[in-house]
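[1] following is a predicted model, sequence given first.
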Amino acid sequence: MSTSFTINVPATSANIGPGFDVMGLSLSLYLTVKARVDPQQPTTPTNISLVYEGENSSGLSLDPNTNLITRTSLYVLACSGHQGFPHPTTVAVNNRIPLGRGLGSSGAAVVAGVLLANAIASLNLSQQRMLDYCLMIEHHPDNVAAALVGGFVASYLIDVDRSGNIPESEADPAVVQQKQREQMAAAADDSVKLPPDNIGHFLRLECSPKIKAIAIIPQFELATSKARAALPGTYKTQDVRLAVLTTALGRETPDPWLIYRAMEDKVHQPYRMHLIPGLPEILATFNPDNTPGLLGICLSGAGPTILALAVSNFDEIAAKICAIIDRQPSIDLPTDYKVLDIVSEGASCVESSL
Ligand SMILES: Nc1ncnc2c1ncn2[C@@H]1O[C@H](COP(=O)(O)OP(=O)(O)OP(=O)(O)O)[C@@H](O)[C@H]1O
Ligand SMILES: N[C@@H](CCO)C(=O)O
């Protein structure tokens, strides 16, 4: 008899305007990972055979030591004294989250990797401990916290020494491979770097069920590392104003202008404008008076996806925003969009016996 696990992790939109590195919404678009433990298969050092199905698979490494999902699992396992998966396992990934577009694809991959290790080696990690592991790989909590727990989530990270290295979710594959080799070697002599306890904290906030998320997805990738490199090191105190948003989205009947103003941002969007053709015009053009149903517009995560929150007229709003992007000289391919629910359930793992 073999055992299977099915892991589902939602896409996320981080920041929601001024909530830079703090706020996240989980969305009805999923990364699915199926793992089948197959003791009949020949053993290998990692015991992983990795396959990708569905869209978004080309260009991703199938080397278990390099792929973000499986190398996250291998790190978690190494911390528990396992070198590789306990038994030969086929890991099949079906990813619906566009890569490098600001919809939390890397955060979802990291969360999936942690859940996979937890299931495959029966580690019984708590949700809090799983967040600690996620934060060793992706150093900002907004995407991973929302993907893990679901809904509208505020989170913060305790300043902790992770050896000053750049997040592994953003690192060059060669650097990652070297680090992975070191971790595997360290696992053998018991010195692998465990996450400190409770490095991330989160709070679930109310979000009105009337609100949907329109993700307007330009057809080019923008690496988070590049979008973060555009940010300044210091801010003026008057630029930081998150407080209103945390309650504005939770009101049973959303107040469009309250949310619209609460989503205006001076922390990251002004510095990233030049990376997203059409964004300045979009922010200057649409508001709740001239666009019925619209609540607010912001950059989703590090971009280039633009997030519009709305209560009605979803396709009309999306079409108008797409039209502005599509007439920018540097845009070659028509912009895509998806009308998504804000889902209250986060990542899940279901076990079945075959
Ligand atoms: N399902 C996946 N399997 C393996 N690697 C993935 C997967 N999803 C994302 N990645 C890795 O993460 C990279 C994208 O991460 P990046 O942080 O740049 O964008 P994002 O997470 O989609 O956007 P944001 O963080 O702004 O929401 C991909 O190029 C790939 O290397
Ligand atoms: N808060 C992060 C989200 C992207 O992963 C950023 O804006 O850089």
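    Yep, that arrived. Residues are numbered from 1 along each chain as shown. Ligands and ions are numbered 1, 2, ... in the order given.
[2] say whether ligand 2 is contacted by stretch 60-75.
    No. Using C-beta under 6 Å from any ligand atom, stretch 60-75 stays clear of ligand 2, coming no nearer than 13.1 Å. All C-beta atoms are positioned from the backbone trio N, CA, C, and that covers glycine.
[3] got the buried residues for that stretch?
    By neighbour count on 16 or more other C-beta atoms under 10 Å, the buried set for stretch 60-75 is 60-61, 64-75.
[4] need those in JSON lines with secondary structure, can you?
    Formatted as JSON lines, those follow (DSSP: H, G, I helix; E, B strand; the rest coil):
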{"residue": "60", "secondary structure": "coil"}
{"residue": "61", "secondary structure": "coil"}
{"residue": "64", "secondary structure": "coil"}
{"residue": "65", "secondary structure": "coil"}
{"residue": "66", "secondary structure": "coil"}
{"residue": "67", "secondary structure": "coil"}
{"residue": "68", "secondary structure": "helix"}
{"residue": "69", "secondary structure": "helix"}
{"residue": "70", "secondary structure": "helix"}
{"residue": "71", "secondary structure": "helix"}
{"residue": "72", "secondary structure": "helix"}
{"residue": "73", "secondary structure": "helix"}
{"residue": "74", "secondary structure": "helix"}
{"residue": "75", "secondary structure": "helix"}
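[5] mind putting those residues in a markdown table, pLDDT and distance to residue 253 included?
    What follows is those, written out as a markdown table (pLDDT from 0 to 100; distance: C-beta to C-beta, whole Å):
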| residue | pLDDT | distance to residue 253 |
| --- | --- | --- |
| 60 | 91 | 43 |
| 61 | 91 | 47 |
| 64 | 94 | 49 |
| 65 | 92 | 51 |
| 66 | 92 | 48 |
| 67 | 95 | 45 |
| 68 | 95 | 40 |
| 69 | 97 | 40 |
| 70 | 97 | 45 |
| 71 | 95 | 45 |
| 72 | 96 | 41 |
| 73 | 97 | 44 |
| 74 | 96 | 48 |
| 75 | 94 | 45 |
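[6] and the stretch 101-250 of the chain, which of its residues are near ligand 1?
    Counting by C-beta under 6 Å from any ligand atom, the stretch 101-250 of the chain comes close to ligand 1 at 101-107, 109, 143, 169-170, 223-224.
[7] looking at these, which one is closest to ligand 2?
    Distance to ligand 2, by C-beta to the nearest ligand atom, is smallest for residue 224 among those, at 4.4 Å.
[8] and for that closest one, nearest residue in space, chain neighbours not counted?
    If the residues on either side of it in the chain are set aside, residue 224 comes closest to residue 302, at 4.3 Å by C-beta to C-beta, 6 or more residues apart in numbering.
[9] I'd assumed residue 271 was in contact with that neighbour.
    No. Applying C-beta atoms under 8 Å, one finds residue 302 not in contact with residue 271, separated by 11.1 Å.
[10] these two: which has the busier surroundings?
    Taking neighbours as other C-beta atoms under 10 Å, residue 302 and residue 271 compare with residue 302 leading, 29 against 15.
[11] so for that one, what's the pLDDT?
    Looking at residue 302, its pLDDT stands at 96.
[12] of all of this structure, which residue lies closest to ligand 1?
    Residue nearest to ligand 1 within the chain: residue 301 (2.9 Å; C-beta to the nearest ligand atom).
[13] now the strands for this structure?
    Using DSSP state E, the strands assigned to the chain run over residues 3-14, 23-37, 48-53, 89-95, 152-157, 200-205, 212-217, 294-299, 306-310, 336-341, 348-353.
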